[in-house]
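Asker: Sequence first, then the predicted structure, then my questions.
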Amino acid sequence: MTRSETTEALTALAETRMRRRFRLWAPEVEVPGGGRVDLMGFSPYGERPDAASIERGLLTCMEVKSCMADFDSGHGLNFVGDVNWLVCTRELLAELRDEGMAPSFAGVLCPDASWGRLVEAVPQPPESCRWRRKMAAAEAIWRIAKESYGARYEREDA
């Protein structure tokens, strides 16, 4: 598989996982400070959509990397959620471990042997080791909605 084919296959698996687990998710979401996260999903805490359950909701980010050159490119690795996942091949994970570069602040998802779904290769780190969300829930929801539905914020001058 070429690098672009691997990226496309990993992204398709990640999108399937997002679609199954989140009602609100989007690809290529802008993040604070510039850059984009490959996939971002949000789910409120509990079933009631009140302000407290929204703010306590779970923001999940996924970064897809197909090879070491992609990982080292300087693009991506924008882990800004409550739960962050690196999505990569098992070969890249082995290479990252060999080089001492496996992320300690995010879990890792890899395709199963048949490339039918993503499986947890490295679990999420303990809560105390995770990176903290970099934005309020309302901002995250706006950013996801903007990418999902093409909403644009444009100021009207009088």
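Answerer: Sure, I can see it. Numbering: from 1, shown residues only.

Asker: can I have the lengthiest helix in the chain written out in CSV, keeping just the CAs?
Answerer: Ordering each helix of the chain by length in residues (DSSP state H) puts helix 3-21 first. This file holds the C-alpha atoms of helix 3-21, laid out as CSV (Å, rounded to 0.1, in the frame of the first residue of the first chain):
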residue,chain,number,x,y,z
ARG,A,3,1.4,6.2,1.8
SER,A,4,-1.7,7.9,0.5
GLU,A,5,-3.6,4.6,0.3
THR,A,6,-2.6,3.8,3.9
THR,A,7,-3.7,7.3,5.0
GLU,A,8,-7.0,6.9,3.2
ALA,A,9,-7.6,3.4,4.7
LEU,A,10,-6.8,4.5,8.2
THR,A,11,-8.9,7.7,7.9
ALA,A,12,-11.9,5.6,6.6
LEU,A,13,-11.6,3.3,9.7
ALA,A,14,-11.3,6.3,12.0
GLU,A,15,-14.3,7.9,10.5
THR,A,16,-16.3,4.7,10.9
ARG,A,17,-15.4,4.6,14.6
MET,A,18,-16.4,8.3,15.0
ARG,A,19,-19.7,7.8,13.2
ARG,A,20,-20.5,4.8,15.5
ARG,A,21,-19.6,6.6,18.8
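
Asker: which residues in this structure form helices?
Answerer: Assigned by DSSP H, the chain shows helices spanning 3-21, 51-55, 68-71, 90-98, 137-149.

Asker: Just put those in a markdown table and tack on mean neighbour count and distance to Met40.
Answerer: To be clear about C-beta, it is placed using only N, CA and C from the backbone, and glycine gets the same treatment. Shown next, in a markdown table, are the helices of the chain (neighbours: other Cβ atoms under 10 Å; distance: least, Cβ to Cβ, whole Å):
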| stretch | mean neighbour count | distance to Met40 |
| --- | --- | --- |
| helix 3-21 | 16 | 8 |
| helix 51-55 | 13 | 15 |
| helix 68-71 | 16 | 19 |
| helix 90-98 | 15 | 21 |
| helix 137-149 | 17 | 6 |
